[in-house]
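Undergrad: whatever this is, show me its structure:
(2 chains)
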Amino acid sequence: MNLETNYMGIPLANPLIPSASPMTGDLDSIRRLEDAGAAAIVLPSLFEEQLRHDAEELVHHLDHATDSYGEALTYFPANDEFAIGPEEYLKHVDEAKRATRIPVIASLNGSTTGGWTDYAREMEKAGADAIELNIYRIAADIDVSGPDVEQSYIDILSAVRSAVNIPVAVKLGPYFSSMANMAKRLDDAGADALVLFNRFYQPDIDLEVIEVVPNVVLSNSHEMRLPLRWIAILHGRIQASLAATTGVHTANDAIKMTMAGADAIQIASALLRRGSRAITEILDGMRQWMEENEYESLEQMKGSLSQKSCPDPSAFERANYMRALQRYI
Amino acid sequence: MNDRPAVMIDGNEAAAHVAYHINDVIAIYPITPSSPMGEWADQWAAEGRKNLWGSVPSVAEMQSEGGAAGAVHGALQTGSMTTTFTASQGLLLMIPNMFKIAGELTPCVFHVAARTIATHALSIFGDHSDVMACRMTGWGMLAAGSVQETMDLALISYAASLESRIPFLHFFDGFRTSHEVMKCETLTPDDMRSMIDESHIAAHRARALSPERPAIRGTAQNPDVFFQAREACNPFYMRCPAIVQIAMDRFAKLTGRSYHLFDYVGAPDAERIIIMMGSGAEAAHEATDALIAAGEKIGLLKVRLFRPFSPDHLLAALPKSVKSIAVLDRTKEPGAEGEPLYKDIQSAMIEAWSDERLPFDAPPRVVGGRYGLSSKEFTPAMVKAVYDSLKAERPKNHFTIGIRDDISHTSLEVDESFDTEPDDVVRAIFFGLGSDGTVGANKNSIKIIGDETPNFAQGYFVYDSKKAGSVTVSHLRFGPRPIRSTYQVGSANFIGCHQWSFLEKFDVLGRAAPNATLLINSPYGREDTFRHIPRKVQEQIIARRIKLYVIDAYEVAKAAGMGTRINTVMQTCFFAVSGVLPKDEAIAAIKKAIKKTYGAKGDDVVKKNWEAVDTTLANLFEVNVPDKPEGNISIPLPVSGDSPEFVQSVLGEMIAGRGDNLPVSALPIDGTFPTNTAQWEKRSIAQEIPVWDPKTCIQCAKCAIVCPHATIRIKAYDPASLSTAPETFKSTTARGTEFAGLNMTIQVAPEDCTGCGICVEVCPAKNKSEARLKAINMAPQPPLRKPESENYKFFLDLPEFDRDKLKINSVKGSQFLQPLFEYSGACSGCGETPYVKLLSQLFGDRSLIANATGCSSIYGGNLPTTPWATDADGRGPAWCNSLFEDNAEFGLGFRLTTDKLGEYAREIVDRLADRIGGREVADALIHADQSLESGIRTQRVRVAELVKRLATMDDVEARRLISVADALVQKSIWILGGDGWAYDIGYGGLDHVLASGRNVNVLVLDTEVYSNTGGQCSKATPRAAVAKFASGGKTLGKKDLAMIAMTYGHVYVATVAMGANDNQTVKAFLEAEAYEGPSLIIAYSHCIAHGINMRVGMDIQKQAVDTGHFPLFRYNPMLRAEGKSPLQLDSKQPRLPFAEFAYRQNRFKMLTKSRPEEAKRLLALASQDAKHRWERYKSLADAEAAMAGIGITNK
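TA: Next comes the predicted model:
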């Protein structure tokens, strides 16, 4: 069974890519993922803001309360050498490249224009096969307009695109007034792939302590429908590859995504729940289903139920509950 | 200067630089002011720097200086080049080994930052009392007087020691030299190789113990041969001075800097001579030059080689014309006929005279004097006073200089107007806060000027006795010639006042020269600043024609994103105004220095600082000073006029920075000071203070128990008292049956609070409508200062609640007790002091406290004021600090006395039964049940009655009983100290005291690091944490002191962490105190040395427990008798990954930035440590439960 696919110009043995998560943060785990059949990996994101925060925090603590009291003019050894930049991340890119034969995609979340481009260049230098821009922005400022937010995505992509020669993917959230137009603009700006969609951590309220708390919840299969819809709509309409992320847990999920038009399928929650064997299970299931249903290759299946190719294109644009309602009546 | 690089370093680094290059093995232990030498050695080794011999020295931290000396001795015996660094009490602990090392003729050098020995008080500052205590050891002693000399004589010491086989103490003055930053010429490895003859090292190694050529040393000798053998070393000592001089000559050839055993400076025909050693000789040199220029026939003899003392070299160095000599000693030997150097000079003269080899025209008259104890200033004016005193027919002998001795009248009068500071030297004084970065910026300025100009530079920094809100005064000099001014700037041509409030607190212009420049960080701008300045300061500005500049540095720093760090802004202003460098050059140099300082820590920080530099000049203004003062702002008194006379006349003067002017008669003769004095020092250092919201408050009292400075108080009282309450005084109905019908108030002390915010963090109550607000919230202090001060005063006057009615075994109940430990000088947000305060609340009125040296002895006993307080009856903790190493034994001594005198008193009561009211009265006194507080109070009444009755009896037994009657009242003995004491230096004694079975209570304030000396690793330091002396991260786990103590079976042991379980903390304190045997409480204490946001310190404590790193338990041997398991686990199975606790703290996190791989490895092991620790306790608890027959614990 031929599961081969091409993701932003990179040939892959199959469409399954462990997405940026703790699972791709250490070499042993990466090796296990490769053994299980992963076609490529996306490393955890390098967060520029985190690096800056850490550097400032380090300076603060090294300086804090110094030169105040005669017996304790400092509280830490006067070490001059600190790796406060992306050194550790770049080392991980390099080591991941050496540890595996599959493509390694670095993931970047910048906070300044300089940061996006500088770190992207360094990732390329460190051997990354591609870069995934993990752009997310909760547009909470009531004075910033939608077009401004959209433009900031384009600006970041353009800057990175012109800074590196390797493929650049953009991972983004669904919260745009015109998702399709946004995808086209990113395509025009040179995105080699769109990764749909970023799943934001949503805050919760803890009633015991009466506090807002971050609440990390792993995805479920039903959450794949949002990316499924947009991949189906975009397939064949833009040049960029499409990667699905969020909610793919089973072979059936992966097959559906492929039919919608995904070139690659990123998974994280399934791996966090079931470990690397989730990949093997999904791949085996895909092969079995394709065999049973007499598909020869993934390419054959890819986009077969995209909006362009499906019998009822309006299905992807209708509000489902309306249809359900009408049926009831 | 030739091709040797010029560096700006302090004396410690200068000594460490040489020591590191020459030695194979370095044994270290922290003690102020020598700790930085060990820190440098440890850091360089961690960085992999190699010594002269191409290898990284082995740097080993020991458990005490005694241990370091032992390790040094062993390493020497086995052939290593070995050294150590120490001072003061540390050096005393090395003395036994020093005798051995010298007795075995072993080449070795110790580097000593000479520091005062503790006598009537401890002092961290410099004098020669420590090195003088080593005179008998047989060590050579070379004294350095400046940073350059410190480096030079370090090398000469090694050369001489190796050749002579005499070990050397190479010493320099603590703080004055150890911490003075100075432009020096570095000795290169080539210089060192040139000076060290490797054949001597080979010979040293050949003499080493080896089973290949076995020998034994350290034999026991008997009367038949010991004496003769002891005399066998004489030739080595006789040769030594010449060897030293040869080494000095070789050094002079190499570097151009010439030294002699005795260096004479002065007129060839001098008649009056001063002889001295150390840094004071530099000030004397400066004064001597000035006086000679004025035509005086004087001279100064600097003693370099104090031991072996060479009379021949001494006599040869003095001019024939000498008529009178003053020998200055920086030490005191009470009861002796003179101090050591004086006596050496005297005996050299007498010997030479009696041998008829005195080379002078006539025998000179020799007098001795003391100066500079505990870093007391020694100035050219004092030098002149000494020279002047020698003009007398019979010069005063055994004099003192630099103080006013109105008791024994030893002191010489000083004409303070004598000043030798040259006009071409820039002399600057900066008043700053520790937290504003002033000192750091000044150190940077010294580097800039030293590096960028041919000028010489010197910086000396005076620090506060308080750790929170501390004030620093920097003294900087820049000039065209080497600077010998080893004293604070006396006449400054530039003064920087970096905090507006200092204008009201200190005499900022007291040392301003005429036409000096004053730069003020002012919030008032160019137009308004002058009229806001106190009138007295205005008058000084006008009278001295001072040029005034202002900048709102906080605004500029804030705009640049630097928060309250105004260092860069003020530094830029200094360069702009002082003209010490052309402006553009200065700015470029400042930026370069910023890049160098912060470059490794991130571009953002560099950019922010650069931005601050760029925006500074536009905000710096010269103020037009009017001809007359404006307004009438006065300078407040340092302490309230309501305070006792002693507080006003002595402590108040110290607070105001005028302690140097106090005469001998003002001070206690034996170091005894009144307690209860911190209340008078209103420092008002908090920018924000907590404000209570009675409506939201649930009256849990957590805010009060965690308050490190006892500035949140709770009282319940009759609502009728409110009739006279100030308008803004808050009150609400008190909850709880014991408070029925009463009101309660949580009151903040606005001028004593340090603004740490811990209270707000722990407050569990939330405002129902706005969840960001709690029952206690921070608000700006200035508008609250006055009304809340009035409220606090009213609050303090409310009566204390009846202790017997309180449920003191709860957090809430304990916090209605009056703290007898208040407003200490501890860091803002300190993790130790809440425990100390709790102790004072529960047992303060009957406690005797033995306090190991460390943070707790400093915030507990550092003058001017002391935080230990008294209750309304005048009772309160009686406190003493003996030493660092002996605290457990010291506290045991309290117990021995208390028990013995109690027994003795009961014996007399028994004998006098008939005469003191009969058998019943006697039995009540003898058998009083004092297990509860109420019993103690009843016994106090009995004792008072007894004393009254005894006073009427004319009887020897009655008089004896009066003197010991207090012992009939039970005392609570507490032994306090940090982990450095309990785990390391004092462990042997602690172990013995616990084993003794006596009823003492030990409270270990476990910060997991030597906090007071700046964060050195102790055996309590957890694995993976970075600490000084473990700069590569500690590779082994934390010692389990609690487990060790439990093995005795008869010791009450508890671990507590107030932030994790405050109720358990209170219970543990009560149980420990009630236990009739030794008790050990190990209290997890977050610390500024952990690199944390101190405000969340209690939450980090909780995490320490939740990860299993610091499991809570109580082991109460009494429970076994009740058929229960003695070990009760008070914390649950770890439920938090260790990393979540660790990586909130810089001590762990910084390793991930410096050695990421090692950090990962160590963190994994530290996580295992935490897991295993919990499992060990769990299995032990299960085993104990099984033994007690109550099954497995269900935690």
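Undergrad: which residues touch the residue nearest in space to the middle of chain A?
TA: Chain A has residue A:171 as the residue nearest its centroid, 5.0 Å off, counting by Cα atoms, centre = their mean. By Cβ atoms under 8 Å, 6 or more residues apart in numbering or on different chains, the contact list for residue A:171 reads A:107, A:132-135, A:194-195, A:197-198, A:245. Any C-beta I mention is one placed from the backbone N, CA and C, and that applies to glycine too.
Undergrad: same thing with residue B:33?
TA: A:70-71, B:12, B:87, B:113, B:115, B:124-126, B:174-175, B:178-179.
Undergrad: where are the low-confidence patches of the stretch 1-150 of chain A?
TA: A:80 (pLDDT under 70).
Undergrad: which residue does it have closest to chain B?
TA: residue A:68 (2.4 Å; Cβ to the nearest Cβ).
Undergrad: I'd like to know which elements the helix or strand containing residue B:584 is packed against.
TA: Per DSSP states H and E, residue B:584 falls inside helix B:583-598. Packed against helix B:583-598 by the contact rule (3 or more Cβ pairs under 8 Å, 6 or more residues apart in numbering or on different chains; DSSP states H and E) you find helix B:438-452, helix B:567-578, helix B:603-616.
Undergrad: the longest helix seen in chain B and chain A, any residue contact?
TA: Among the segments of chain B that qualify as a helix by DSSP state H, the longest is helix B:1156-1187. Yes - Helix B:1156-1187 reaches chain A (Cβ under 8 Å from any Cβ of the partner chain) through residue B:1156.
Undergrad: and the helices and strands packed on helix B:583-598: which comes nearest residue B:1019?
TA: helix B:438-452 (31.5 Å; Cβ to Cβ).
Undergrad: residue ranges with poor pLDDT in the stretch 151-300 of chain A?
TA: In the stretch 151-300 of chain A, no residues with pLDDT under 70.
Undergrad: report how many residues lie close to the residue in it that chain B sits nearest to.
TA: Evaluated by Cβ to the nearest Cβ, the stretch 151-300 of chain A has residue A:210 as its residue closest to chain B, separated by 5.0 Å. Residue neighbour count, defined by other Cβ atoms under 10 Å in any protein chain shown, stands at 13 for residue A:210.
Undergrad: you'd agree it is up against residue B:772?
TA: No - counting by Cβ atoms under 8 Å, residue A:210 stays clear of residue B:772, with 10.5 Å between them.
Undergrad: re the thing from before, what residues sit buried inside the longest helix of chain B?
TA: B:1159-1160, B:1162-1163, B:1166-1167, B:1169-1171, B:1173-1174, B:1177-1178, B:1180-1182, B:1184-1185 (16 or more other Cβ atoms under 10 Å in any protein chain shown).
Undergrad: from the contact counts, what lies against it?
TA: By 3+ Cβ pairs under 8 Å, 6+ apart, helix B:1156-1187 packs against helix A:87-99, helix B:1041-1046, strand B:1127-1129, helix B:1138-1142, helix B:1146-1154.
Undergrad: and the angle from that helix to helix A:87-99?
TA: 90 degrees (axes from the mean of the first three to the mean of the last three Cα atoms, to 10 degrees).
Undergrad: for helix B:1156-1187, the averaged confidence score.
TA: Mean per-residue pLDDT for helix B:1156-1187: 95.
Undergrad: and if you look at stretch B:257-276?
TA: 98.
Undergrad: go on, stretch B:87-95?
TA: Mean predicted lDDT for stretch B:87-95 stands at 98.
Undergrad: let me know whether it sits next to chain A.
TA: No - under the criterion of Cβ under 8 Å from any Cβ, chain A is not reached by stretch B:87-95; the shortest gap measures 11.3 Å.
Undergrad: next to chain B, which bits of chain A? Give me the list.
TA: A:52, A:54-59, A:61-85, A:87-88, A:91, A:210-211.
Undergrad: from these, which would you call buried?
TA: The buried subset of the residues of chain A next to chain B - by 16+ other Cβ under 10 Å - is A:52, A:54-59, A:61-77, A:79, A:82-85, A:88.
Undergrad: show me these that map onto helices.
TA: Filtering those for helices - DSSP H - leaves A:52, A:54-59, A:61-63, A:88.
Undergrad: what's the most distant pair in those residues?
TA: Applying Cβ to Cβ across those, the maximum distance is between A:63 and A:88, 22.9 Å.
Undergrad: who touches the residue of chain B found nearest chain A in this structure?
TA: Chain A sits closest to residue B:434 of chain B, with a gap of 2.4 Å, by Cβ to the nearest Cβ. Counting by Cβ under 8 Å, 6+ apart, residue B:434 touches A:65-69, B:463-464, B:469-472.
Undergrad: not counting its neighbours along the chain, what's nearest it?
TA: residue A:68 (2.4 Å; Cβ to Cβ, 6 or more residues apart in numbering or on different chains).
Undergrad: which residue ranges form the strands in chain A?
TA: Using DSSP state E, the strands found in chain A span residues A:5-7, A:10-12, A:16-18, A:41-47, A:104-109, A:130-134, A:168-172, A:193-196, A:202-206, A:211-215, A:241-245, A:264-267.
Undergrad: so what touches the first one?
TA: To tie it back to what came earlier, the one meant is strand A:5-7. A:11-12, A:14-15, A:17, A:39-40, A:193, A:241, A:243, A:263-264, A:298-299, A:302.
Undergrad: can you say which of those residues are buried?
TA: A:12, A:14-15, A:17, A:39-40, A:193, A:241, A:243, A:263-264, A:298, A:302.
Undergrad: got the domain ranges for chain B?
TA: B:6-209+B:225-254, B:261-401, B:426-582+B:610-623, B:678-817, B:889-968, B:1007-1187 (automatic domain parsing).
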